[in-house]
Every structure is written in C-alpha cells, then in structure tokens.
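Enquirer: predicted model, plus sequence, below.
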Amino acid sequence: MQKNRLSPTFISIILALFAAIMSLLIGSVPIPPDSLLKVIAEWLGIPVVEPISSIHRTILLEIRLPRTVLIALTGASLAGSGAAYQGLFRNPLADPYLIGVASGAGLGAVIAMSINFPDNLLGMFTIPGAAFASGLITILMVYALARVGKTVPTTNLLLAGVTVSSFATALTSFLMIQSQNELRRAIIWLLGGATLSGWKPVIAMLPYTLIGLVGLYLLSYSLNVLQFGEEQARQMGLNVDLVKKLIILVSSLTAAAAVAFSGIIGFIGLIVPHMIRILWTGDYQKLLPLSIWMGMVLLLVTDVIARVAIAPQEIPLGVITALIGAPFFLWILRRSKQQEFW
Amino acid sequence: MIDHILNVRSLNTGYNKQQVLHDINLSVQPGEVAALFGPNGSGKSTLIKAISCILPIWKGSIFIDGYDLLHTPSQERARLLSVIPQARNLPPAFTVKEVVRMGRTPYINWIGKLGKEDEYQVNLAMDRTNINNLADRQMGELSGGEQQRVLIARAIAQQPKVMLLDEPTTHLDISYQQNLMKLIVNLAHEDNVTVLMAVHDLDLVSVFADSAHLLVNGKIKASGIPEDVLKNEILSQAYNIPMNVIKLVSGKVHVYPE
Amino acid sequence: MKMGFPRFIQTILNVLVIGIITACSPQATSLSATSTYTDGLGREVTIQNNPQRIISLSASNTEILFAVGAGDQVVGRDEFSNYPVEAENIPSVGGSMGKYSMEQIAALEPDLILAAEINTPEQVKAFEELNLPVYYLSNPQDIDGLYANLLLIGKITGNDKEAQSLVDSLKNRVDKVINLDKPAEHVRVFYELDGSDPSKPWTPGKGTYMDLLLTLAGGENIGSTAGEGWLQISQEAILAADPQVILLGDAAYGITPEMVAERSGWSGISAITESRVYPFDDNLVSRPGPRLVDGLEQIAEIIRK
C-alpha cells in the first residue's frame, strides 16, 4: 500500500507547518518574509539588525498568528470529528454535523443575537458560549431521543439527528426572518470564518479541542473494531455502548467548539477523511491523526485564499471551502488507482 | 453433566416480544465439536446470538467453564467465547494480518498496542489456519473461503475456551467446506477448543460432529451423538417430510429425503 | 506512538507562544489630549481630539464624515462608500459579506474607527482586542436624531463649526418642505425596495426612514399598514391600497417604470394609469446620513407633480 519512503505522517506534518507559515506570511497587507524570522529572533532574545516595524509585528502576532492557530484547530477538529463519525456510522456520507451539533449551535447563536443577551454577560464569548452550549444540548437531546434502554441504535441516532437538525435549522431561519435587525449579523456568523480575532478565542477553544482530538485518537482502535459491525465488535470484546457514547461525546465537544468560534464550515469534515483513505489508509489508528493534520492544511490554505483572493474583501470560509476543496478532491479521486477504499 | 464446559440452562428469548427460543438446555464437553441443526427458522442463529450475548436473554443462564456469561463484562466474556460469523459485508480495506490482530482486542488496552504474547498468538492463529501467505492482502481481494479462514484465525487469536460458528460453510464450495470443517475439528480435538456450530447440512453433522442437537421451532428435540439423533423418525417429524437414513461403510450416516 | 508525539509538541509550542506573547504585548499610551464618549453600544470610548486617521466602516458614516468637513481626516473606508466621489480615492478596507480586512485596518494605524449599526458587536470587540479605538454610531430614530449624530461626529472629529452650519442648513431645508402647501389629501405612495417577485415585493414598513420621510413630505406610505421594518407586501394589498405614486427604489437593479406597467394585474393601479411611476435613488433613504434630507426633498417634489 505505501510505496513512498516518507511516512504519511511526516508528509502531513510538513504540509501543516508549510501551510501555517504560508498563513503567517500571506495576507492582504504585504509583509516581507524575513519578518517571521525577525519575530522569532526577538522572541529568542537574539538582537536583530533592522527590527521589524511595530505594524508588522502587530499584524503577525496579534492578527495572523492567533488566526492561524484558530483555523488550524478548527480544521483539525472538523476533519477528526468527521473521520470519527464516518467510522461510527460506517457511512461515507457522515460528517461532524450529521446529528445536529452545527444546527444546534447555529440556533443558539441566533437566539442569543435576537434576544440581545447583555453583552457583558460573557463579554466577547456571549455568542460563542451560547452556540457551544446549544450545540451540546442538541446532541444530548438527540441521544436521549435515540436511546433504547442501555443502547443507542445507530439508525435511531441517525434519524433523530437528521430530524432535530432540520428542525433547528428551520427554527433558525424563522428567527432570522423575524428579527431583521440581526439578520445580517446572523448571516455573517453562519457563513463561517473567524469572526472574533485575537488570542482570547484561541485560548477559550483550546481545552475542548485538545480533549476532543486526544480523545478521538484514543478511540481510534475501537473505531477499527467497530468497522466489523456492532455484533462482531461486541463478540470481539469491545464495550460497544461505551465506545459509542464516548465517540459522540468527544466528537461533539470538539465540533461544537469549532462551530462556536468559526461558524459553520462544511466540506472539510466530510472530505478530508476520504482523501486520507484514498491516498493512504482506512485504518483509523492512522486515519484519525492524518485527517487531523490534513484538515489543518486544507482549512489553512482555504483561509489564505479567502483572505487574499479579492482583498481587501474577505470571503467567508463557509462559502469557499467547497469551492476550493471540491475540485482538489475530485482530482485525487480521478487519479486514484485503487478499486475500493471504503 | 459434570465437566461440561458450555452449559446453557432454560434459555428463553426472542425478538420484540415474539418468543423464539423456549427452555433451551444444551451442554457441550471440552474439545467437542457440537452441531446445532434443524429446519430453517427454528432459531439456530438466534441461539448462537443469545449464547454470544448480543441478544438479550429473557430467562435462563449460560455458563462457560463456571463463569456466568450474563454477568461477565464484555471484555472478559470475549476471552471465554469467540464467534466466527459468516464472511459477508466485511470491511474490505483491512489487511489479513490487521484483521487477525483485532482478535486480541480482549487482551489489550484502548490504544491497541499488541505485546509480545499478543503477536505470538496472532502468528499461531495464522499458522493454524494456513494464511501466512495472505498476510498483507486486503480482505476485499480474497475469496469467500479465504475470508472465512481469516475470520477463524481471528477467533483463534482470541484464545477462547469456546467457539461459536453460524453456518460457516454457506456460500463455500465443496473443497473449501471440507477444508474448513477439517480445520475446525482439528482445533477442537488437538487444541482443546470447544466448538458449537449451527449448520443446516446434515452430512456435515454426520461426518464432522461429535454431538448433535436438533432444534425445531425453538425447542431442542433431540441431543446426543449424531447416529442417535440422525434417525429417520426423528428427522421426518422435524423436517416434515419423510427422510431416509443410510449407514455408510465408514460408520457415518447419510440422510436424504425420500 | 509516533503519530501522536509531534502533534503534542506542536500544541505545546503553540500554548507556550500564546503565553509569552500575551505577557509581552505592549500597553498603549496616549500622549495628546483626549475626550471620552459613550457610544451606541454603551461603551466608554476615549478618542484623541482631532483624529486624523479615521476609518469609516459604513457608507453612511463616510457621507457624514465628508459632510461635516472631516473628509481629509479619513484614511480608510468600507467597500460600499461611494459618496461623495472623493471617497472612492480612499483605500477600501473591505466590508462586503460583512468581513473587513483586519490587517489593512491595523496597518493604517487609525486613531478612530467609526462603526455603524450594520457592523456587529463581534466586529467591535475584534477591534477592541487589537487596542484600536472604535466608536459605534447608532442609527437615528428621526430627523432630530440625525442632527444629533451630525453634531456629535463634528465634535469628535474637531469640526464643530462646520457640523453646526450643516445642521442649520439642513433644518432650513426640512422646514421648507414641511411648510410646503400640502396636497389636499395625503398622497398614497408605494415604495418598492425589491420587486424581483412582483407578487410579493419588498417595501419599507413603519419605522423605516422611508416611512418617516414620506410622512414628513406629506405622503402616506402604504407599506406602513403591512407592518414594521422591511417586509413583503402582497400584490392584493397593493391593489387594495391603490397607490397614486410608485417609487422604484430598485431602479439601480434594473427595474424600470415600463416593466412595472407590464406586470399582470397592476394595470389598474392609479399610479400606473396616471404614469406616476418614478425611479428613486435608494441610497438617499437608506443611509442614515445628511442625504436623508436630499431624499426628503425629492420625495416632496415627486408627490406634488
């Protein structure tokens, strides 16, 4: 299967670093490439001949760097979560939003906008906080609705999730039409992209994302076993009910945090795992970490394009991910020589 | 009744309030190949599912080597009992070696790292089933018979005391069938793994089984050595058509409808 | 084993960088005289007196800034600021689809960012995070509110005198319109914001500027019977109200009086039989700036034709 000498992990990490550096160096304001080196030198305490201008430093450290980290974390969360759901539901069409975390989060954000939560409740985190909480509550609801005794049958989960999701989306649209003042604000939020800037959103998001990604990695072996179906998995000794609960919990945490801070960005969670499957492997122990790295890469690249394609205009990420991602994925699909990779 | 390794007592269960199995009592001795057979719809698969604890039991108990299966956590249970399913709808992308290694799930932690002992058991299982030459092939590339052998290897790697098989020879052609059954008999007699297999081909019962259990409409109608169970009165009544049993030179019997 | 490690390292490095950067960010110090105002979001904003590097985030704010004489103090504007013509020479900082280029805004080193109600609180907070002074100017509710905004911007930008004389001249013009001989009966007017679906066109209802100005000019906005804000009104309701004048706010998008006359079912409307369908520059009634008075004058003139 692997004919290259270089391991896929190595390639992905290099690509991620490359994408991050690109994200730092490219933007609507041109910054000389050595600025990055100068900033690092400053940080290390090495004296620099021509120090970087304070504008460039602000742009690099206060605007681009936190945004790069935020986007990287978001891309990682979405791709990891997508891979996990594809494994859980054994369905190639699954994505992180399948059972309602995004529509729930969107509804929470729009409700918070329409009822004009006092902005000093959580300061800048009012809307993301509402979105995050609402996303998680939606998942809990879906889980409770799908549960039969101690188990939660996968079909029930799917049906309940899709239904609750549609309901939440419809309710969101309704609220948006009713509350015209907030319509524009809601649309901007829903279209995706980093609406908040600076380091605070990154720090707020970090714990959930870390727990999520680490948790998903720990569950990756179980996902492999689950591919044989729940019956066989149980017969092989897997505590299927516990594993399902954990996958849903961990995926939801990380996806809810991503949506809360970056809005609803589609396509990444669905396609990146398939990319990895075609290029490398379907073994979840490798698929998960590789999806996480490549999710970072894809979203970082998309974000750079979003920022510079029609500068100073910025295209919302939710609009552009599929525009860029789809042709790229189709190219990979056509070039693949394998018969089956699912 | 003493030193039976698998003991099923008064098992009652079904699906959605529809009872399928009624008061099943079944025991298997260590190292024995026990065949469970009967007309279609009699509940063979249900019984296999019930014993492997993926179908909730309404009443009754299942003991393996003294352990109460219904009150044993799933990981430990998988060390006592493994199941060889039919080779259908298997994920195509895993390699043979990866699949067999998953048989060690009851012995390893969440991360899925295999230790020396685990690797040893995996290699043993692959030797036993003669699939070393297939180690790096993807499951999707293999034939039905090869896939079935991989599933057996996986079940062996689980190091169980008892193995359950649900119609293992369906969709396989004659030579594969024979090889498979011989492998299973060897496992039982040489490695002391106890086997309970649900089959519908009566010749298999006759040739390969050490004990036979006839299941009709969810009830055990007869249990014993194959010659005692494969009798035309018993079978004719069970299958609702007149059956003929002839004795072969080897001592085994052959059954055919009249 | 190998896979997880580099990722952990990267994450730890990120956390370290965050920690160090946060500890080392410089505090802003102001040296020249400043004043403090409370903005439309209730925030206390401290602005340098006589700001020379203003960025306007809305077309209405740009118009206001130029009108009070602060045009040469503006160094950045939003994408849609197209009036006055001079505004187009100022670099754009984004704004379509609600997103601005934070980098360009920061690079311009503004001493004041003027936001409007089309900007979200999230946007304002994003500027706060970068320690950029931003003032959120709420929309006026009526003409007096407009005057107050103009005077305020005049004060903030150090153009008090000009702002005052602007307000005085606007007041004069408004008074003239109010004291015009009113038509014998209130002229019924239908203002079309968007006629892409002629069976349910969008129109301004109660509480919108259009509604306000129309009433001031002596007309009757049939949209106000349908509700508040911008809404869709059904074709039947329009026919029932039988407007005498139709103003096409969507003329900029290609809707012409001829097209309206051809709409099925509309031919019986008084405005059409009397050929009183006119294109109208929607910017005059949607941007909360001094050109609202221009809009008022135009409406008053049209309905008296």
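Expert: It's in.
Enquirer: tell me the buried residues in the helix or strand in which A:Trp331 is found?
Expert: Assessed by DSSP states H and E, A:Trp331 sits inside helix A:317-335. By 16 or more other C-beta atoms under 10 Å in any protein chain shown, the buried positions in helix A:317-335 come out as A:317-318, A:320-322, A:324-325, A:329. Any C-beta I mention is one placed from the backbone N, CA and C, and that applies to glycine too.
Enquirer: name the nearest of those residues relative to chain B.
Expert: If you rank those by distance to chain B using C-beta to the nearest C-beta, A:Phe329 comes first, at 18.4 Å.
Enquirer: from chain C, how far off is the closest one?
Expert: Remark: distance between A:Phe329 and chain C (C-beta to the nearest C-beta, to the nearest Å) = 23 Å.
Enquirer: right, and that residue touches A:Ile271 too?
Expert: Yes: under the criterion of C-beta atoms under 8 Å, A:Phe329 makes contact with A:Ile271 at 5.1 Å.
Enquirer: for A:Arg67, see how far away the closest residue to chain A within the stretch 151-258 of chain B is.
Expert: Across the stretch 151-258 of chain B, no residue is closer to chain A than B:Gln158, which sits at 7.0 Å (C-beta to the nearest C-beta). Here B:Gln158 is placed at a distance of 50 Å from A:Arg67 (C-beta to C-beta, to the nearest Å).
Enquirer: low-confidence ranges, the chain, go.
Expert: If you meant another chain, say so; for now it's chain A. For chain A, the stretches flagged by pLDDT under 70 are A:1-5, A:116-122, A:193-194, A:337-341.
Enquirer: hmm, I had chain C in mind actually
Expert: C:1-32, C:182-185.
Enquirer: rerun that using 50 as the cut-off
Expert: Along chain C, the model assigns pLDDT under 50 to residues C:1-3, C:19, C:21-30.
Enquirer: before we move on, back to that, helix, strand, or coil at the closest residue to the residue of the stretch 151-258 of chain B closest to chain A other than its chain neighbours?
Expert: In space, and not counting its chain neighbours, B:Gln158 is closest to B:Ser82: 4.0 Å by C-beta to C-beta, 6 or more residues apart in numbering or on different chains. What DSSP: H, G, I helix; E, B strand; the rest coil gives for B:Ser82 is strand.
Enquirer: B:Ser82 reaches B:Ala153, doesn't it?
Expert: No: applying C-beta under 8 Å as the test, B:Ser82 and B:Ala153 come out as separate, 10.9 Å apart.
Enquirer: what comes into contact with stretch C:124-136?
Expert: A:58, A:62-63, A:123-124, A:195-200, C:28, C:37, C:39-41, C:43, C:45-48, C:102, C:105-106, C:110-117, C:119, C:156 (C-beta atoms under 8 Å, 6 or more residues apart in numbering or on different chains).
Enquirer: now A:Leu171, nearest residue through space, not along the chain?
Expert: Nearest to A:Leu171 is A:Leu107, by C-beta to C-beta, 6+ apart, at 5.8 Å.
Enquirer: that neighbour reaches A:Ala133, doesn't it?
Expert: No: A:Leu107 lies out of contact with A:Ala133 (C-beta under 8 Å); the separation is 11.0 Å.
Enquirer: please say which of these two ends up with more neighbours.
Expert: With neighbours defined as other C-beta atoms under 10 Å in any protein chain shown, A:Leu107 and A:Ala133 compare such that A:Leu107 has more, 26 against 16.
Enquirer: against chain C, how distant is the spatially most central residue of chain A?
Expert: In chain A, the residue lying closest to the centroid (C-alpha atoms, centre = their mean) is A:Leu78, at 2.6 Å. Computed as C-beta to the nearest C-beta, the A:Leu78 to chain C distance reads 16 Å.
Enquirer: so what's that residue up against?
Expert: Contact analysis of A:Leu78 by C-beta under 8 Å, 6+ apart lists A:96, A:255, A:258, A:265, A:268-269, A:272, A:295, A:299.
Enquirer: tell me the one of those residues nearest chain C?
Expert: A:Gly295 (11.9 Å).
Enquirer: quick one, domains of chain C?
Expert: C:34-174, C:181-303 (automatic domain parsing).
Enquirer: how about those in a markdown table, adding distance to B:Ala222?
Expert: A markdown table is the format used below for the domains of chain C (distance: least, C-beta to C-beta, whole Å):
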| stretch | distance to B:Ala222 |
| --- | --- |
| domain C:34-174 | 76 |
| domain C:181-303 | 78 |
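Enquirer: which one of those domains lies nearest to B:Ile57?
Expert: Distance to B:Ile57, taken as C-beta to C-beta, is lowest for domain C:34-174 among the domains of chain C, at 56.3 Å.
Enquirer: can you give me the end-to-end span of the closest one?
Expert: Terminal residues of domain C:34-174 lie 34 Å apart, using C-alpha to C-alpha, to the nearest Å.
Enquirer: which strand or helix spans the residue nearest to A:Ala41 when sequence neighbours are not counted?
Expert: Excluding the flanking residues, the one nearest A:Ala41 by C-beta to C-beta, 6+ apart is A:Val48, at 5.1 Å. According to DSSP H and E, A:Val48 maps onto no helix or strand at all.
Enquirer: quick one: residues contacting A:Val48.
Expert: A:38, A:41-42.
Enquirer: burial count for the closest residue to A:Arg147 other than its chain neighbours?
Expert: Excluding its sequence neighbours, the residue lying closest to A:Arg147 (C-beta to C-beta, 6+ apart) is A:Asn156, at 7.7 Å. Neighbour count of A:Asn156, defined by other C-beta under 10 Å: 16.
Enquirer: A:Asn156 touches A:Tyr143, doesn't it?
Expert: No: using C-beta under 8 Å, A:Asn156 makes no contact with A:Tyr143, being 9.7 Å away.
Enquirer: anything in the helix or strand hosting C:Gln104 near chain A?
Expert: Using DSSP H and E, the element containing C:Gln104 is helix C:102-107. Yes: using C-beta under 8 Å from any C-beta of the partner chain, helix C:102-107 reaches chain A at C:102-104, C:106-107.
Enquirer: which is the next helix or strand following that helix?
Expert: strand C:112-115.
Enquirer: kindly export the following helix or strand past that next one (C-alpha atoms) in CSV.
Expert: Proceeding N to C from strand C:112-115, the next assigned helix or strand is helix C:121-129, under DSSP H and E. Provided in CSV are the C-alpha atoms of helix C:121-129 (Å, rounded to 0.1, in the frame of the first residue of the first chain):
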residue,chain,number,x,y,z
PRO,C,121,-20.8,43.8,18.2
GLU,C,122,-18.4,40.9,17.4
GLN,C,123,-16.6,43.2,14.9
VAL,C,124,-16.3,45.9,17.5
LYS,C,125,-14.9,43.5,20.0
ALA,C,126,-12.4,42.3,17.5
PHE,C,127,-11.1,45.9,17.2
GLU,C,128,-11.0,46.2,21.0
GLU,C,129,-8.8,43.2,21.1
